Every structure is written in structure tokens, then in C-alpha cells.
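Engineer: predicted model and sequence below, questions to follow.
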Amino acid sequence: MSAKWPTSVATDADLSIAVNSLQTTLGSPAGSGDVTLTLVSTTGFPTAGYVTIDNEVISYTGVSGGTLTGCTRGADGTTAAAHSAGAAVSATIVAAHHNSLKDEVKAVETTLSGVTGLSPTLPLATSKAMVTDSSGHIAASSVTATELGFVSGVTSAIQTQINAKGAGTVTSVSGTTNQITSTGGATPVLAFASPVTMPGAVAMGTNKITGIGNATAVQDVPAYGQIALLQKIAPTFTQSETSSTSNTYADATGMTVTVTPILSTSHVLIEMSVSVEATGSSNQLPAIDLIITDSSNTTIQEFLFAAGLDFSTAQTMRTMVTIKAWDAPGSTSAKTYKLRMRRNTNSSGGTVYVNRTALSRTSFVEAAEYR
């Protein structure tokens, strides 16, 4: 016979059950080809196994009343023969018992011989978790029993629990240098609208972070109440001339700047250094009005520059003026600022200019106050 392992696990029927001193007699004659045997008693006989009558070994697969069923005659290398009623029937140990056990033991040993750490060097490494290798064999894992104990008591997915913790909100903090400790509370006090680099020691105040130390000047977050410079641009220059004799505002060519705030709560400072000029005939007092507006012409800041002369003859006055606008955009959407100009409504005549003979400059910075 062939072993059941490793395809399946051998059953009692496969290995046969031995019973000491179990014997009875045939209740009726048995021909050499009969596949059922009638016994005087089947009490104690296993549901499957072997019996010996005279010199013949017979295997059977079932017991029904006083009859052995599913008989294979001349089993285990013997010869089938006819037997008379009253012949002794014994449930003795035969070679098939031993050979079936031998085949199963060898099959199991063959499997174990391919397991790393089991054969020929038994036992497995101590205090290690057991796994199956690429061949499906049992092997010692690199995970120790101590490490395995770390997940003792876990009742749900660990990563899900970690994600849930990470998604929580710190509602109150206190601590000392290099430490922030959550202490609970009803009002959140940490709210960063954009990533803030904090490589140094954290300076703590009452329910707030008051500053960051041990970092570079660029990386340091200012102390509570101070102003942080978030972004700035290099000045842009233009000498695109715009002139006006009108009392209605018009855009100054080339004098625009677009800002995309980093924070919706920050402020932007727009600075324009403008080359202005006024020319007039005798008895004229030309003056120029300058304003900084957004793209919809809403005034952010205005500036009046008066020539300051009552020209007795035709004259020209030119200078540089600086106009600044401090605005709170209220969002992180791009916003455009521009310079607009006109001749002052009180001027009796003359022409006003921007960028006629010199360069004008435009720049901006974005800043935020930490509270």
C-alpha cells in the first residue's frame, strides 16, 4: 500500500486498529471468492481491518450485523481459499499493519527532512515563531517570541488603529524644551494651514507654541505675536510711459503685480516706487493722483502728488515717489494689484506722466502674524 501523507491524513481504517485476543468462528462456509463473511459474532471487531482464517489473510471495509463486508480475499500476499463453517476467525496483527504504519512514518519523515532547521539539526531555533517556507514546509521565523508577544491582546487591524490615532486632533498642549504633551481640552490651539518646519526646540507658553529655537533664521517660526515673512519677490522694473490730461483714473502701463498667498490669513505689502512728472503752462498747478487697486479697480491705497508750483511759464517737474499698500487677501487664490493714475481734479491744466524719463519699481512681500 502507499502512504496517505502528504496528500491527506491517514485514518484508523488506513492504519488498522489492533484488538488483543479477538477471535470468533465462521457461521457458514465461505468460498474462495466470497466478498462477505458470516461470523458467529462480530462483537469487538473494528469497522475495517484484517482477519485470518486458516492460512488466508482477508481485509474488510465494513461490519453489518454479523457479517464482514467489502472483503478482499488473499490479502497481504496470501492465497484465497474456501473455509468451512466453524473455522476460527482471528483479528491478529498481520504484516499489513506494520507496513502501513511504516509507509506513513517514512512519508512524514521525508517531508520533515526538507524543513530548514529540522533535519538533520533538530530541534528548531528556540523562542522563534514558526512559519511555512516557499515549499510549504515548516520553518523557524526571524520573529522572536518576545516580538510576537507585542501583538498580544490585539483585537483589530493594527494599521487601522494607528491611522485612527494619527487622524486625531490635539486639543491642548503643554510642555518644555523639545516636548509637546497633549493634555486634552475643549479648544484646539494648534492649527497649521500649511507645513511648518520645526527642527529645533519648541518654546512653550500658556496653551500655545511661542517659538522655535535651534534652527536657522529661515526655518525658525517667530514667537507668538511676531511677524513671519512667508514670501517675497525680487523687484520688477518698467519704463513704459503713461500720460494723462484726464480727471478719470486709468491703468499705468506695466505697473502690475500678481500675488498668490501661502496663507489665507496673511497680509501682503505692495510697494511701488514710481517715476512721476507734471508739465504745465503758465498759471497751471498740475497734480497727479496715484492709487493701487485690485483687478476689479477697488482702491487699496491712494496717493496725491502735487507739483506745488504755479507755473508763470511753461515748466516741468519730475521726481520719484513711493506708494505702499497693505492688504489682507483673505484666501490663497491669486490676486492682481495695479497702479492707476489721473490728473488731479483740482488741477487747472497740464499733463501728468508715469515712467516718462526714469524706471519705476514694483515688489511685494507676504507676512503672517502668529497668535
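Structural biologist: Arrived safely, thanks for sending. Numbers count the residues shown, from 1 in each chain.
Engineer: Ala13: what secondary structure?
Structural biologist: helix (DSSP: H, G, I helix; E, B strand; the rest coil).
Engineer: quick one: contacts for it?
Structural biologist: Thr47, Ala48, Gly49, Thr61 (C-beta atoms under 8 Å, 6 or more residues apart in numbering). Just so you know, the C-beta spots here come from the backbone N, C-alpha and C atoms, and that holds for glycine as well.
Engineer: what's the answer for Leu39, then?
Structural biologist: By C-beta under 8 Å, 6+ apart, the contact list for Leu39 reads Thr24, Thr25, Leu26, Gly27, Phe45, Gly66, Thr67, Leu68, Val89.
Engineer: tell me how far Ala157 lies from Ser141.
Structural biologist: 21 Å (C-beta to C-beta, to the nearest Å).
Engineer: in terms of neighbours, single out the busier of these two.
Structural biologist: Ser141 (15 against 9; other C-beta atoms under 10 Å).
Engineer: my guess is the more buried one contacts Ala125. True?
Structural biologist: No: in this structure Ser141 lies outside contact range of Ala125 using C-beta atoms under 8 Å: 9.1 Å.
Engineer: domain assignment for this structure?
Structural biologist: Per the record, the chain has its domains at 12-98, 116-149, 167-224, 236-369, by automatic domain parsing.
Engineer: how distant is the shortest one from the center of its chain?
Structural biologist: Between the mean C-alpha location of domain 116-149 and the chain-wide mean there is a distance of 31 Å, by C-alpha atoms, centre = their mean, to the nearest Å.
Engineer: how about the secondary structure of Ala164?
Structural biologist: helix.
Engineer: in stretch 78-98, which residues are buried?
Structural biologist: For stretch 78-98, the neighbour count (16 or more other C-beta atoms under 10 Å) marks Thr78, Ala80, His83, Val89, Ala91, Val94, Ala96, His97 as buried.
Engineer: quick one: pLDDT of the last one?
Structural biologist: Which is His97. For His97, the model assigns a pLDDT of 85.
Engineer: list the contacts of the longest helix anywhere in the chain.
Structural biologist: Scanning the chain for the helix with the most residues, using DSSP state H, yields helix 95-113. Helix 95-113 is contacted from outside by 1-6, 10, 14-16, 18, 50, 57, 59, 75-77, 118-120, 137-138, using C-beta under 8 Å, 6+ apart.
Engineer: hmm, try it at 7 Å
Structural biologist: Residues outside helix 95-113 that contact it (C-beta atoms under 7 Å, 6 or more residues apart in numbering) are 1-6, 10, 14-16, 18, 50, 75-76, 118-119.
Engineer: please apply the same query to stretch 245-262.
Structural biologist: 194, 230-231, 238, 240, 242, 244, 268, 270, 272, 291, 329, 332, 334-343, 345, 351, 354, 360, 362, 364, 366.
Engineer: quick check: mean pLDDT of it?
Structural biologist: Mean predicted lDDT for stretch 245-262 stands at 90.
Engineer: buried set for it?
Structural biologist: Neighbour-count burial for stretch 245-262 [16+ other C-beta under 10 Å]: Tyr249, Ala252, Gly254, Met255, Thr256, Val257, Val259, Pro261.
Engineer: before we move on, what about stretch 144-157?
Structural biologist: Applying 16+ other C-beta under 10 Å to stretch 144-157 flags no residue as buried.
Engineer: tell me where the model's unsure across the stretch 51-200 of the chain.
Structural biologist: 113-124, 166-200 (pLDDT under 70).
Engineer: the helices in it, which residues?
Structural biologist: In the stretch 51-200 of the chain, the helices defined using DSSP state H, counting those that start in this stretch lie at 95-113, 145-149, 158-166.
Engineer: can I get the second one as CSV, trimmed to CA atoms?
Structural biologist: Listed next in CSV are the C-alpha coordinates belonging to helix 145-149 (Å, rounded to 0.1, in the frame of the first residue of the first chain):
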residue,chain,number,x,y,z
ALA,A,145,8.6,35.1,20.8
THR,A,146,9.1,38.4,22.5
GLU,A,147,8.3,40.3,19.4
LEU,A,148,5.2,38.1,18.8
GLY,A,149,4.1,39.0,22.3
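Engineer: what helices or strands is it leaning on?
Structural biologist: strand 128-132 (3 or more C-beta pairs under 7 Å, 6 or more residues apart in numbering; DSSP states H and E).
Engineer: same question for the last one.
Structural biologist: Using 3+ C-beta pairs under 7 Å, 6+ apart as the contact criterion, no helix or strand is in contact with helix 158-166.
Engineer: what comes up buried for it?
Structural biologist: Buried-residue list, helix 158-166, by 16+ other C-beta under 10 Å: empty.
Engineer: same check, this time on stretch 127-142
Structural biologist: Lys128, His137, Ile138, Ala139, Ala140.
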